[in-house]
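> Below: sequence and its predicted model.
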Amino acid sequence: MQLSPHQARSGFTLIELLVVIAIIAILAALLLPVLTNAKESALRVSCANNLKQIGGGCNVYATDNNDYWPICNWPGPTSSESSAYQTSLACRMADGLVPATQITTGPYGLGTLFFDAGIKNGQVFYCPSVPVNDEYNYSTYAQSGYPWPAIPPGYKYGPNDFIRCGYNYFPEPKATQLFSGLKGNMYLPSVTYPSQPMTFTPPTPPGGTPNQVTEPTPVRTTELNIAKAMAVDSLKEWATINHTYRGNPYGLNAAFPDGHVRFESINGNNAAKSYLPFDKGSLWDNTIAGGPGESTVDGTTTENTPAFRIIMNGFQP
């Protein structure tokens with residue numbers, strides 16, 4: 001029996017199947033960047049919400065503490081231990097111990113908001129764009145049986161007893177001081193603290209004992225410059241800028257003392273030798289400046305406090 005043309009052509013030919021597969025592959029290639037960018041946009045919004053909560057928490061803390069903001073863990077630019085990464089620290093743990101009751105120093109910075117019951121979810125202190133298992137990711141310090149803040153078993157960053165947050169906390173005062181270096185002479189918000197430190201008892205961790213902490217006097221709300229950022233996405237190095245577009249660094253979220261958050265785009269803030277926040281060659285290039293926060297070059301970790309201060313000073317509300 002002879003088949004009709006319709007009956008004879010009951011399936012796809014190999015060529016047709018390959019064409020369909022090629023079309024699907026092309027569509028997937030076109031849609032994947034769109035979906036990736038949409039996901040990153042959502043993460044950027046979530047990050048901004050975190051920073052808004054942090055700004056609100058700081059203002060509530062100041063209301064309850066004689067107008068003082070949470071202390072910034074910054075020993076001052078003349079200290080041999082001064083490093084920009086310290087502005088990301090929440091507290092310090094006893095070596096080899098993991099429970100939060102074994103805090104040896106602090107809390108300070110954003111850790112103060114947690115133990116003062118202002119923000120009870122430690123995840124707020126971490127940008128969701130940071131990869132899982134990164135040193136600045138929430139999951140690094142919070143695992144099953146080890147609620148945040150903790151250093152769980154298997155912690156892979158060596159003998160590091162610091163709990164790091166995903167944001168740099170660095171409230172800047174109205175007072176300025178002459179700064180010489182990198183760009184030459186310029187005025188930046190002062191980090192010359194009063195010579196007499198303030199001794200106070202920070203919030204006590206659950207089940208722990210009060211820790212007397214002596215640090216430079218924290219800044220008051222009336223002393224803050226509302227036009228300067230007080231907390232931003234981690235300023236570690238160019239390659240780890242949290243928010244990207246099509247796989248390339250795109251910008252950072254910055255919170256200001258009045259509680260609002262602004263996305264600081266690289267575009268328009270990256271002119272060479274301008275010393276704007278994203279002047280990569282002057283402030284972020286590891287081979288020149290050592291990175292603004294904490295960078296590793298040839299296995300050696302370096303910090304660049306001047307670059308960090310210039311970047312923070314450059315963010316606009």
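On my side now, so go ahead.
> Only C-alpha atoms from now on, for both contacts and neighbour counts.
Fine.
> What's the first helix or strand after the longest strand seen in the chain?
Counting by DSSP state E, the longest strand found in the chain is strand 248-255. Using DSSP states H and E, the helix or strand that follows strand 248-255 in sequence is strand 261-265.
> re the thing from before, tell me which strands the longest strand of the chain pairs with, and in which orientation.
strand 231-233 (antiparallel), strand 243-245 (antiparallel), strand 261-265 (antiparallel) (DSSP bridges).
> Other residues contacting the second one?
Residues from elsewhere that reach strand 243-245, judged by Cα atoms under 8 Å, 6 or more residues apart in numbering: 37, 40, 44, 129, 249-252.
> Residue 72: how many residues sit nearby?
For residue 72, the neighbour count with other Cα atoms under 10 Å is 25.
> which ones are touching it?
Shown in contact with residue 72 (Cα under 8 Å, 6+ apart): 87, 108-109, 169-171, 218.
> farthest-separated two in the contacts of strand 243-245?
37 and 252 (15.1 Å; Cα to Cα).
> Which residue of these two possesses the greater neighbour count?
Neighbours per residue (other Cα under 10 Å) separate residue 37 from residue 252, with residue 252 holding more: 23 against 16.
> close enough to count as contact, that one and residue 236?
No. Using Cα atoms under 8 Å, residue 252 is not in contact with residue 236; the gap is 11.7 Å.
> For the stretch 201-317 of the chain, which segments count as helices?
286-289, 305-314 (DSSP state H, counting those that start in this stretch).
> ok so, going back, which one of the contacts of strand 243-245 is nearest to residue 314?
Closest approach between the contacts of strand 243-245 and residue 314, by Cα to Cα: residue 252, at 12.4 Å.
> who's in contact with the closest residue to the closest one other than its chain neighbours?
Leaving out its chain neighbours, the residue that sits closest to residue 252 by Cα to Cα, 6 or more residues apart in numbering is residue 264, at 5.2 Å. Residue 264 is in contact with 251-254, 315-316, counting by Cα under 8 Å, 6+ apart.
> could those residues go into JSON lines alongside pLDDT and distance to residue 243?
Shown next, in JSON lines, are those (pLDDT from 0 to 100; distance: Cα to Cα, whole Å):
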{"residue": "251", "pLDDT": "94", "distance to residue 243": "6"}
{"residue": "252", "pLDDT": "95", "distance to residue 243": "6"}
{"residue": "253", "pLDDT": "96", "distance to residue 243": "8"}
{"residue": "254", "pLDDT": "97", "distance to residue 243": "12"}
{"residue": "315", "pLDDT": "92", "distance to residue 243": "16"}
{"residue": "316", "pLDDT": "85", "distance to residue 243": "18"}
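> Give me the buried entries from these.
For the contacts of residue 264, a neighbour count by 16 or more other Cα atoms under 10 Å gives the buried set as 251-254, 315.
> pLDDT of the biggest helix by length in the chain, averaged?
In the chain, taking DSSP state H as the definition, the longest helix is helix 14-64. Averaged across helix 14-64, pLDDT comes to 82.
> what helices or strands is the helix or strand that comes right after it leaning on?
Once the chain leaves helix 14-64, the next helix or strand it forms, by DSSP H and E, is strand 89-93. Judged by 3 or more Cα pairs under 8 Å, 6 or more residues apart in numbering; DSSP states H and E, strand 89-93 is in contact with strand 103-105, helix 110-115, strand 162-164.
> hmm, back to that, what's the most distant pair in the buried ones among the contacts of residue 264?
For the buried ones among the contacts of residue 264, and using Cα to Cα, no pair is farther apart than 251 and 315, which are 11.1 Å apart.
> returning to that earlier point: next, the angle helix 14-64 makes with the longest strand of the chain.
Put simply, strand 248-255 runs at 20 degrees to helix 14-64, going by axes from the mean of the first three to the mean of the last three Cα atoms, to 10 degrees.
> now this protein, which segments are flagged as low pLDDT?
Filtered on pLDDT under 70, the chain yields the residue ranges 1-12, 28-38, 74-83, 94-101, 159, 181, 192-217, 285-305.
> quick one: contacts for the residue lying closest to residue 120 once chain neighbours are set aside?
Spatial nearest neighbour of residue 120, chain neighbours left out: residue 114 (5.3 Å); criterion: Cα to Cα, 6+ apart. The contact partners of residue 114, taken as Cα under 8 Å, 6+ apart, are 120-122.
> Just the buried ones out of those residues, please.
residue 122.
> ok, now which ones touch the closest residue to residue 171 other than its chain neighbours?
Among residues not flanking residue 171 along the chain, residue 230 sits closest, at 4.1 Å (Cα to Cα, 6+ apart). Under the criterion of Cα under 8 Å, 6+ apart, the contact list for residue 230 reads 169-172, 254-257.
> for residue 109, same thing?
Counted by Cα under 8 Å, 6+ apart, residue 109 has contacts 70-73, 87-90, 169.
> thinking again about what came up before, Throw the contacts of residue 230 into TSV and include distance to residue 271, thanks.
Putting the contacts of residue 230 into TSV (distance: Cα to Cα, whole Å) gives the following:
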residue	distance to residue 271
169	26
170	24
171	26
172	24
254	20
255	23
256	24
257	27
